[in-house]
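S.K.: Mind looking at a prediction? Sequence and model below.
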Amino acid sequence: MRTIDPGLAAHLAAGVTTLCRCWRVTRGDGVVLGFTDHDRDIAFDGVTYEPESGFDASEDVSATGFVVGGLEALGALSSDRLDADDLAAGLYDNAEVAVFLVNWTTPAERHLMRLGHLGEVTREDGAFRAEVRGLAAELDEPKGRVFRHTCDADLGDNRCGVDLDDPVFRADGAVTAATDRRRFTASGLEAYSAGWFERGRLQWTSGANAGRAMEVRAHRASGGLVVIELWQPMHFDVAVDDAFTVTAGCDKLFATCQAKFDNAVNFRGFPHMPGNDFALSYARAGDVNDGGPVVG
């Protein structure tokens, strides 16, 4: 049961109200932004909630039980505080969103209506629409380990243990020619065999995309020419001499972990787990193995 601030409860009971909504967005990089549908600035808890910021929200939907409720956040990309480049760079991915009901004459009289995170963000005609997922959405996410053949660790994390700062698994390169925002040829990677950086992470260290990163889809090498293809196009054009750092990729298979990274002892999958064929197999009359029945 929610406990409403006594001052706000009295204000609501008065019949005539001065209410507005405020949204606090906390990005993963620590930047905190405040927005309101009121026509003046409102400040509380060290955050200033600005009006006319190009931010609004749809109807808030809730339900009993564990049904995932939510709302949609709407905004104009022309706002000084909501930048299209930041959205494209993923700075708002999974950002925390807190929605307050506030008495704008006395901001201390407020109530936290919803706490959630930004989900899918779509952009069209200079505006954006972002799904705000409630806390119950986390109940839909798999928790704990999954029994499967492939590894469930992230390459280079504490469970994996591979040192991605090792020059064997890390390289610095530069663009020599760009086909588009996804495909380009590069220097600095000639010592590595084709495919070595596939599924790896490429981060730009200079150029228009500096600071942004993308997963490598393909790494080809032929006749001294190295071609890199990314899974998704970068937000800005890729230009000659743009520098980057790229790390080796892993397909999560035991054979790769053993041969490429010499890290079989830390493999976090179950490569010898029986598959569906074994689970659905049955004993057949006449099949023998050393005098006994076999399953097949």
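M.R.: Right, received. Where do you want to start?
S.K.: Kindly state the domain boundaries assigned to this protein.
M.R.: With domains defined by automatic domain parsing, the chain comprises 6-140, 170-247.
S.K.: So residue 229 sits against residue 218, correct?
M.R.: Yes: taking contacts as Cβ atoms under 8 Å, residue 229 lies within contact range of residue 218: 4.1 Å. For the C-beta atoms, the positions are set from N, CA and C on the backbone; glycine is no exception.
S.K.: which residue ranges form the helices in this protein?
M.R.: With DSSP state H as the criterion, the chain has helices at 6-13, 84-88, 254-259, 276-280.
S.K.: give me the number of residues near residue 262?
M.R.: For residue 262, the neighbour count with other Cβ atoms under 10 Å is 10.
S.K.: same check, this time on residue 218
M.R.: By other Cβ under 10 Å, neighbour count at residue 218 equals 16.
S.K.: what about it, distance to residue 182?
M.R.: Residue 218 is 10 Å from residue 182, where distance means Cβ to Cβ, to the nearest Å.
S.K.: what residues are up against residue 49?
M.R.: 22-24, 34-36, 38, 41-43 (Cβ atoms under 8 Å, 6 or more residues apart in numbering).
S.K.: let's see 10 Å
M.R.: When contacts are counted by Cβ atoms under 10 Å, 6 or more residues apart in numbering, residue 49 touches 20-24, 33-38, 40-43, 55, 100, 102, 104, 107.
S.K.: who's it bridged to?
M.R.: residue 34, residue 42 (DSSP bridges).
S.K.: All further residue positions should be reported with the first residue as 156.
M.R.: OK, 156 is where the count begins now, so the last one is residue 204.
S.K.: and it, what pLDDT?
M.R.: Confidence at residue 204, expressed as pLDDT, is 90.
S.K.: Check the gap between it and residue 269 for me.
M.R.: From residue 204 to residue 269 the distance is 15 Å (Cβ to Cβ).
S.K.: Buried ones among the contacts of residue 204?
M.R.: 175-179, 188-193, 197, 210, 255, 257, 259, 262 (16 or more other Cβ atoms under 10 Å).
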